[in-house]
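> Please find the sequence and the predicted model below.
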Amino acid sequence: MNSARRRALAAFAIAAVWIWWHARAGGFYFIVGMEGEASANLGPILPAFCAGLSAAPALLIANATAGAIAGVLAAMVLVLLPGFLSLHLESLVGPPLLALTLFMLAVMINAPRFSLAYGTLAATAAAFVSPQAIGLPVGAAVWAFVQRAQPTSMRRRAGLALLPLVAAVVLLRFNADRWLGGSALGWRGELDRVFRAAGTIIGNQLVPGVTHATVRFFGIADLALLAIAVVVVAWRRVARAVPDTALLRRLYPAAGVLALFYAIGLAIRTLLVRGAPVPDLVSVIPLAAVSVVVIMTSVVTLWPMWPRWGKALAFVMIAGWLQAAIRA
(Lines give C-alpha, C1' and ligand atoms only; values in the text may rest on other atoms or scores of the structure.)
Protein backbone atom coordinates (compact mmCIF):
# COMPACT_ATOMS: atom_id res chain seq x y z
CA MET A 1 0.00 0.00 0.00
CA ASN A 2 1.54 3.31 -1.09
CA SER A 3 1.63 6.48 0.99
CA ALA A 4 -1.40 8.07 -0.72
CA ARG A 5 -3.54 5.05 0.03
CA ARG A 6 -2.34 5.00 3.62
CA ARG A 7 -3.34 8.64 4.00
CA ALA A 8 -6.71 7.90 2.40
CA LEU A 9 -7.23 5.02 4.81
CA ALA A 10 -6.35 7.30 7.71
CA ALA A 11 -8.78 9.95 6.44
CA PHE A 12 -11.48 7.29 6.13
CA ALA A 13 -10.90 6.09 9.68
CA ILE A 14 -10.75 9.58 11.24
CA ALA A 15 -13.89 10.82 9.48
CA ALA A 16 -15.80 7.61 10.21
CA VAL A 17 -14.89 7.52 13.90
CA TRP A 18 -15.60 11.23 14.31
CA ILE A 19 -19.07 10.96 12.78
CA TRP A 20 -19.83 7.70 14.59
CA TRP A 21 -18.95 9.27 17.94
CA HIS A 22 -21.16 12.32 17.43
CA ALA A 23 -24.02 10.30 15.91
CA ARG A 24 -23.93 7.87 18.81
CA ALA A 25 -23.98 10.72 21.33
CA GLY A 26 -26.89 12.37 19.53
CA GLY A 27 -29.04 9.25 19.62
CA PHE A 28 -30.67 9.99 16.25
CA TYR A 29 -29.73 6.66 14.66
CA PHE A 30 -30.82 3.31 16.03
CA ILE A 31 -31.52 -0.23 14.82
CA VAL A 32 -35.16 -1.31 14.82
CA GLY A 33 -35.59 -4.37 16.98
CA MET A 34 -32.48 -3.73 19.05
CA GLU A 35 -32.23 -2.01 22.37
CA GLY A 36 -29.56 -0.51 24.56
CA GLU A 37 -25.90 -0.42 23.62
CA ALA A 38 -26.23 -2.61 20.54
CA SER A 39 -28.69 -0.23 18.91
CA ALA A 40 -26.69 2.85 19.91
CA ASN A 41 -23.44 1.39 18.58
CA LEU A 42 -24.71 -0.07 15.30
CA GLY A 43 -27.16 2.66 14.33
CA PRO A 44 -24.57 5.29 13.30
CA ILE A 45 -22.53 2.88 11.15
CA LEU A 46 -24.08 3.94 7.82
CA PRO A 47 -23.44 7.71 8.15
CA ALA A 48 -19.99 7.02 9.62
CA PHE A 49 -19.11 4.71 6.74
CA CYS A 50 -20.33 7.25 4.19
CA ALA A 51 -18.32 10.01 5.88
CA GLY A 52 -15.18 7.93 5.47
CA LEU A 53 -16.08 7.19 1.86
CA SER A 54 -16.38 10.94 1.23
CA ALA A 55 -13.09 11.92 2.87
CA ALA A 56 -11.01 9.21 1.20
CA PRO A 57 -11.76 10.04 -2.48
CA ALA A 58 -11.42 13.76 -1.79
CA LEU A 59 -7.92 13.10 -0.48
CA LEU A 60 -7.02 10.75 -3.34
CA ILE A 61 -8.26 13.11 -6.06
CA ALA A 62 -6.34 16.11 -4.73
CA ASN A 63 -3.29 13.97 -3.95
CA ALA A 64 -3.15 12.53 -7.47
CA THR A 65 -3.53 15.93 -9.13
CA ALA A 66 -1.47 18.26 -6.91
CA GLY A 67 0.37 16.21 -4.30
CA ALA A 68 0.14 15.05 -0.71
CA ILE A 69 -0.41 18.49 0.85
CA ALA A 70 -3.36 19.16 -1.44
CA GLY A 71 -4.85 15.79 -0.53
CA VAL A 72 -4.60 16.37 3.21
CA LEU A 73 -6.01 19.90 2.88
CA ALA A 74 -8.92 18.74 0.72
CA ALA A 75 -9.91 15.99 3.14
CA MET A 76 -9.50 18.24 6.19
CA VAL A 77 -11.49 21.15 4.75
CA LEU A 78 -14.23 18.79 3.54
CA VAL A 79 -14.65 17.19 6.96
CA LEU A 80 -14.62 20.61 8.67
CA LEU A 81 -17.29 22.10 6.40
CA PRO A 82 -20.03 23.38 8.74
CA GLY A 83 -22.59 21.26 6.91
CA PHE A 84 -20.58 18.03 6.94
CA LEU A 85 -21.23 17.08 10.55
CA SER A 86 -24.87 18.16 10.62
CA LEU A 87 -25.52 16.34 7.33
CA HIS A 88 -24.26 13.05 8.72
CA LEU A 89 -26.12 13.53 12.00
CA GLU A 90 -29.53 14.31 10.54
CA SER A 91 -29.94 12.51 7.20
CA LEU A 92 -29.79 9.03 5.75
CA VAL A 93 -29.93 10.38 2.18
CA GLY A 94 -27.25 13.06 2.19
CA PRO A 95 -24.23 10.96 3.27
CA PRO A 96 -24.48 8.34 0.48
CA LEU A 97 -25.29 11.06 -2.07
CA LEU A 98 -22.15 12.99 -1.12
CA ALA A 99 -19.97 9.87 -1.20
CA LEU A 100 -21.32 8.75 -4.60
CA THR A 101 -20.74 12.21 -6.09
CA LEU A 102 -17.09 12.26 -5.02
CA PHE A 103 -16.56 8.70 -6.19
CA MET A 104 -18.10 9.63 -9.54
CA LEU A 105 -15.66 12.54 -9.88
CA ALA A 106 -12.75 10.24 -9.06
CA VAL A 107 -13.76 7.74 -11.74
CA MET A 108 -14.37 10.50 -14.30
CA ILE A 109 -10.81 11.74 -13.78
CA ASN A 110 -8.99 8.42 -13.55
CA ALA A 111 -10.99 6.46 -16.15
CA PRO A 112 -12.69 8.96 -18.50
CA ARG A 113 -13.42 6.24 -21.05
CA PHE A 114 -15.01 3.89 -18.50
CA SER A 115 -18.38 5.55 -18.95
CA LEU A 116 -20.34 2.55 -17.68
CA ALA A 117 -18.65 2.91 -14.27
CA TYR A 118 -19.36 6.57 -13.58
CA GLY A 119 -22.72 6.25 -15.33
CA THR A 120 -23.64 3.53 -12.84
CA LEU A 121 -22.62 5.72 -9.91
CA ALA A 122 -24.70 8.59 -11.31
CA ALA A 123 -27.76 6.39 -11.90
CA THR A 124 -27.48 4.90 -8.41
CA ALA A 125 -27.38 8.38 -6.85
CA ALA A 126 -30.31 9.71 -8.91
CA ALA A 127 -32.61 6.67 -8.88
CA PHE A 128 -31.95 4.97 -5.57
CA VAL A 129 -30.61 7.70 -3.27
CA SER A 130 -32.15 11.06 -4.18
CA PRO A 131 -34.01 12.29 -7.30
CA GLN A 132 -32.45 15.69 -6.67
CA ALA A 133 -29.30 14.24 -8.28
CA ILE A 134 -31.05 13.70 -11.62
CA GLY A 135 -28.47 15.90 -13.33
CA LEU A 136 -25.63 13.45 -12.59
CA PRO A 137 -26.52 10.89 -15.32
CA VAL A 138 -26.72 13.70 -17.88
CA GLY A 139 -23.34 14.97 -16.74
CA ALA A 140 -21.92 11.43 -17.04
CA ALA A 141 -23.17 11.16 -20.63
CA VAL A 142 -21.77 14.57 -21.55
CA TRP A 143 -18.37 13.74 -20.03
CA ALA A 144 -18.28 10.45 -21.94
CA PHE A 145 -19.23 12.22 -25.16
CA VAL A 146 -16.59 14.96 -24.99
CA GLN A 147 -13.65 12.54 -24.70
CA ARG A 148 -11.41 12.61 -27.74
CA ALA A 149 -12.37 9.64 -29.90
CA GLN A 150 -14.11 8.70 -33.10
CA PRO A 151 -17.74 9.91 -33.29
CA THR A 152 -19.01 6.33 -33.14
CA SER A 153 -17.00 5.63 -30.00
CA MET A 154 -18.17 8.86 -28.39
CA ARG A 155 -21.81 8.00 -29.00
CA ARG A 156 -21.29 4.46 -27.73
CA ARG A 157 -19.67 5.69 -24.52
CA ALA A 158 -22.44 8.24 -23.94
CA GLY A 159 -24.99 5.49 -24.44
CA LEU A 160 -23.19 3.26 -21.95
CA ALA A 161 -23.18 6.13 -19.45
CA LEU A 162 -26.97 6.40 -19.73
CA LEU A 163 -27.63 2.65 -19.80
CA PRO A 164 -27.60 2.25 -15.99
CA LEU A 165 -30.21 5.02 -15.69
CA VAL A 166 -32.46 3.21 -18.17
CA ALA A 167 -32.07 0.01 -16.17
CA ALA A 168 -32.87 1.87 -12.94
CA VAL A 169 -35.99 3.42 -14.47
CA VAL A 170 -37.16 -0.05 -15.52
CA LEU A 171 -36.61 -1.31 -11.97
CA LEU A 172 -38.53 1.66 -10.56
CA ARG A 173 -41.44 1.61 -13.03
CA PHE A 174 -43.74 0.10 -10.41
CA ASN A 175 -42.56 2.55 -7.76
CA ALA A 176 -42.79 5.94 -9.45
CA ASP A 177 -44.19 7.62 -6.33
CA ARG A 178 -40.96 6.79 -4.53
CA TRP A 179 -38.94 8.66 -7.15
CA LEU A 180 -41.25 11.64 -7.64
CA GLY A 181 -42.13 11.83 -3.97
CA GLY A 182 -45.87 11.78 -4.69
CA SER A 183 -45.60 15.08 -6.56
CA ALA A 184 -47.08 16.14 -9.88
CA LEU A 185 -45.21 17.52 -12.85
CA GLY A 186 -45.92 21.13 -13.69
CA TRP A 187 -44.22 24.49 -13.88
CA ARG A 188 -43.75 25.98 -10.46
CA GLY A 189 -41.32 28.82 -11.16
CA GLU A 190 -39.73 30.82 -8.36
CA LEU A 191 -36.19 30.36 -9.61
CA ASP A 192 -35.05 33.17 -7.33
CA ARG A 193 -36.11 31.10 -4.32
CA VAL A 194 -34.00 28.20 -5.61
CA PHE A 195 -30.93 30.42 -5.93
CA ARG A 196 -31.57 32.03 -2.56
CA ALA A 197 -31.87 28.68 -0.77
CA ALA A 198 -28.75 27.24 -2.42
CA GLY A 199 -26.82 30.48 -1.88
CA THR A 200 -27.65 30.51 1.82
CA ILE A 201 -26.28 27.01 2.28
CA ILE A 202 -23.12 27.71 0.29
CA GLY A 203 -22.66 30.96 2.21
CA ASN A 204 -22.78 29.02 5.47
CA GLN A 205 -19.84 26.96 4.24
CA LEU A 206 -17.86 30.01 3.12
CA VAL A 207 -18.28 32.14 6.23
CA PRO A 208 -19.05 29.78 9.13
CA GLY A 209 -20.34 31.43 12.25
CA VAL A 210 -20.81 34.90 10.75
CA THR A 211 -24.31 36.23 11.44
CA HIS A 212 -23.98 39.98 10.96
CA ALA A 213 -25.70 40.72 7.65
CA THR A 214 -23.20 43.24 6.25
CA VAL A 215 -20.09 41.33 7.30
CA ARG A 216 -21.62 38.12 6.00
CA PHE A 217 -22.43 39.66 2.60
CA PHE A 218 -18.95 41.08 2.03
CA GLY A 219 -17.31 37.92 3.39
CA ILE A 220 -19.24 35.68 1.01
CA ALA A 221 -18.66 37.99 -1.95
CA ASP A 222 -14.92 38.38 -1.32
CA LEU A 223 -14.24 34.71 -0.65
CA ALA A 224 -16.31 33.59 -3.64
CA LEU A 225 -14.48 35.98 -5.98
CA LEU A 226 -11.08 34.92 -4.62
CA ALA A 227 -11.94 31.23 -4.98
CA ILE A 228 -13.13 31.71 -8.56
CA ALA A 229 -10.01 33.72 -9.40
CA VAL A 230 -7.68 31.08 -7.93
CA VAL A 231 -9.42 28.28 -9.84
CA VAL A 232 -9.40 30.19 -13.15
CA VAL A 233 -5.73 31.17 -12.84
CA ALA A 234 -4.70 27.63 -11.86
CA TRP A 235 -6.53 26.24 -14.87
CA ARG A 236 -5.10 28.73 -17.34
CA ARG A 237 -1.51 28.88 -16.07
CA VAL A 238 -0.86 25.34 -14.90
CA ALA A 239 -3.50 22.79 -15.84
CA ARG A 240 -3.70 23.76 -19.50
CA ALA A 241 0.08 23.53 -19.81
CA VAL A 242 0.33 19.87 -18.76
CA PRO A 243 -0.27 16.92 -21.14
CA ASP A 244 -3.80 15.81 -21.92
CA THR A 245 -3.24 12.58 -20.03
CA ALA A 246 -2.36 14.35 -16.76
CA LEU A 247 -4.95 14.04 -14.02
CA LEU A 248 -4.65 17.74 -13.22
CA ARG A 249 -5.68 18.54 -16.80
CA ARG A 250 -8.81 16.40 -16.40
CA LEU A 251 -9.82 17.63 -12.95
CA TYR A 252 -11.12 21.05 -13.97
CA PRO A 253 -13.34 20.05 -16.91
CA ALA A 254 -14.59 16.94 -15.10
CA ALA A 255 -15.50 18.90 -11.97
CA GLY A 256 -17.06 21.64 -14.11
CA VAL A 257 -19.25 19.20 -16.06
CA LEU A 258 -20.31 17.35 -12.92
CA ALA A 259 -21.14 20.51 -10.93
CA LEU A 260 -22.86 22.24 -13.86
CA PHE A 261 -25.24 19.42 -14.71
CA TYR A 262 -25.86 18.56 -11.07
CA ALA A 263 -26.94 22.16 -10.47
CA ILE A 264 -29.04 22.27 -13.66
CA GLY A 265 -30.80 19.04 -12.75
CA LEU A 266 -31.44 20.27 -9.22
CA ALA A 267 -32.90 23.56 -10.48
CA ILE A 268 -35.06 21.94 -13.19
CA ARG A 269 -36.51 19.41 -10.77
CA THR A 270 -37.34 22.17 -8.30
CA LEU A 271 -39.02 24.21 -11.05
CA LEU A 272 -40.95 21.38 -12.74
CA VAL A 273 -42.00 19.12 -9.89
CA ARG A 274 -44.73 20.62 -7.77
CA GLY A 275 -44.17 19.85 -4.15
CA ALA A 276 -40.45 19.24 -4.60
CA PRO A 277 -38.43 20.81 -1.79
CA VAL A 278 -36.22 23.80 -2.42
CA PRO A 279 -32.50 22.99 -2.37
CA ASP A 280 -31.41 21.99 1.11
CA LEU A 281 -28.18 20.90 2.73
CA VAL A 282 -28.57 17.34 1.43
CA SER A 283 -28.76 18.45 -2.19
CA VAL A 284 -26.29 21.36 -2.12
CA ILE A 285 -23.34 20.00 -0.15
CA PRO A 286 -22.10 17.78 -3.03
CA LEU A 287 -21.47 21.01 -4.96
CA ALA A 288 -19.55 22.41 -1.99
CA ALA A 289 -17.50 19.20 -1.72
CA VAL A 290 -16.50 19.26 -5.40
CA SER A 291 -15.58 22.93 -5.00
CA VAL A 292 -13.40 22.15 -1.98
CA VAL A 293 -11.38 19.60 -3.95
CA VAL A 294 -10.87 21.97 -6.88
CA ILE A 295 -10.03 25.00 -4.72
CA MET A 296 -7.53 23.19 -2.51
CA THR A 297 -5.89 21.66 -5.58
CA SER A 298 -5.66 25.10 -7.18
CA VAL A 299 -4.14 26.72 -4.08
CA VAL A 300 -1.41 24.10 -3.80
CA THR A 301 -0.77 24.18 -7.55
CA LEU A 302 -0.25 27.94 -7.55
CA TRP A 303 1.63 28.09 -4.24
CA PRO A 304 5.18 28.04 -5.74
CA MET A 305 4.28 30.95 -8.05
CA TRP A 306 3.04 33.31 -5.36
CA PRO A 307 5.27 35.93 -3.70
CA ARG A 308 5.82 35.75 0.02
CA TRP A 309 3.07 38.20 0.80
CA GLY A 310 0.66 36.12 -1.32
CA LYS A 311 1.61 32.94 0.52
CA ALA A 312 1.20 34.69 3.87
CA LEU A 313 -2.23 35.99 2.88
CA ALA A 314 -3.35 32.56 1.67
CA PHE A 315 -2.08 30.93 4.88
CA VAL A 316 -3.91 33.46 7.06
CA MET A 317 -7.16 33.03 5.13
CA ILE A 318 -7.05 29.23 5.25
CA ALA A 319 -6.12 29.21 8.94
CA GLY A 320 -8.84 31.74 9.71
CA TRP A 321 -11.46 29.68 7.89
CA LEU A 322 -10.37 26.51 9.67
CA GLN A 323 -10.64 28.04 13.15
CA ALA A 324 -14.03 29.58 12.27
CA ALA A 325 -15.26 26.23 10.97
CA ILE A 326 -14.09 24.43 14.11
CA ARG A 327 -15.78 27.01 16.34
CA ALA A 328 -18.98 26.86 14.30
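Great, that's in hand. Numbering: from 1, shown residues only.
> Can you report how many residues neighbour Ala161?
Residues near Ala161, counting by other Cβ atoms under 10 Å, number 27. Where you see a C-beta, it was placed from the backbone N, CA and C, and this is true even at glycine.
> Could you find the closest non-adjacent residue to it?
What sits nearest to Ala161 in space, not counting adjacent residues and going by Cβ to Cβ, 6 or more residues apart in numbering, is Gly119, at 3.5 Å.
> got the contact list for the one you found?
Taking Cβ atoms under 8 Å, 6 or more residues apart in numbering, we find Gly119 in contact with 137, 140-141, 144, 160-165.
> Model confidence score at Glu37, please.
Looking at Glu37, its pLDDT reads 65.
> give me the element the residue nearest to the spatial centre of the chain is part of.
Closest residue to the average C-alpha location of the chain: Pro286 at 2.8 Å, with Cα atoms, centre = their mean. Element membership of Pro286, judged by DSSP states H and E, is helix 281-302.
> ok, how many other residues are close to the residue nearest to Val238 when sequence neighbours are not counted?
Excluding the flanking residues, the one nearest Val238 by Cβ to Cβ, 6+ apart is Thr301, at 5.0 Å. Close neighbours of Thr301, defined as other Cβ under 10 Å, add up to 24.
> same thing with Arg155?
So Arg155, with other Cβ under 10 Å, has 13 neighbours.
> circling back to that earlier point, show me what the helix holding Pro286 packs onto, helices and strands only.
helix 45-66, helix 68-80, helix 82-90, helix 94-110, helix 191-206, helix 213-237, helix 247-272 (3 or more Cβ pairs under 8 Å, 6 or more residues apart in numbering; DSSP states H and E).
> so where is the stretch 201-328 of the chain shaky, pLDDT-wise?
Scanning the stretch 201-328 of the chain for pLDDT under 70 picks out 328.
> Let's see that with 90 instead.
Across the stretch 201-328 of the chain, the ranges flagged by pLDDT under 90 are 201-224, 226-227, 235-250, 265-283, 303-328.
> how many degrees apart are the helix holding Pro286 and helix 191-206 in direction?
Between helix 281-302 and helix 191-206, the angle comes out at 50 degrees (axes from the mean of the first three to the mean of the last three Cα atoms, to 10 degrees).
> Now do the buried residues in whichever helix or strand comes after helix 281-302.
Next helix or strand after helix 281-302 toward the C-terminus (DSSP H and E): helix 308-327. Residues of helix 308-327 classed as buried: 314, 321, 324-325 (neighbour count, 16 or more other Cβ atoms under 10 Å).
> tell me the contacts of the residue nearest to the centre of the chain?
97-98, 101-102, 133, 262.
> how about 6 Å then?
Pro286 is in contact with 98, 101, counting by Cβ atoms under 6 Å, 6 or more residues apart in numbering.
> And it, how far from Ala62?
Using Cβ to Cβ, to the nearest Å, one gets 16 Å for the distance from Pro286 to Ala62.
> again with Ala133
Ala133 is 22 Å from Ala62, by Cβ to Cβ.
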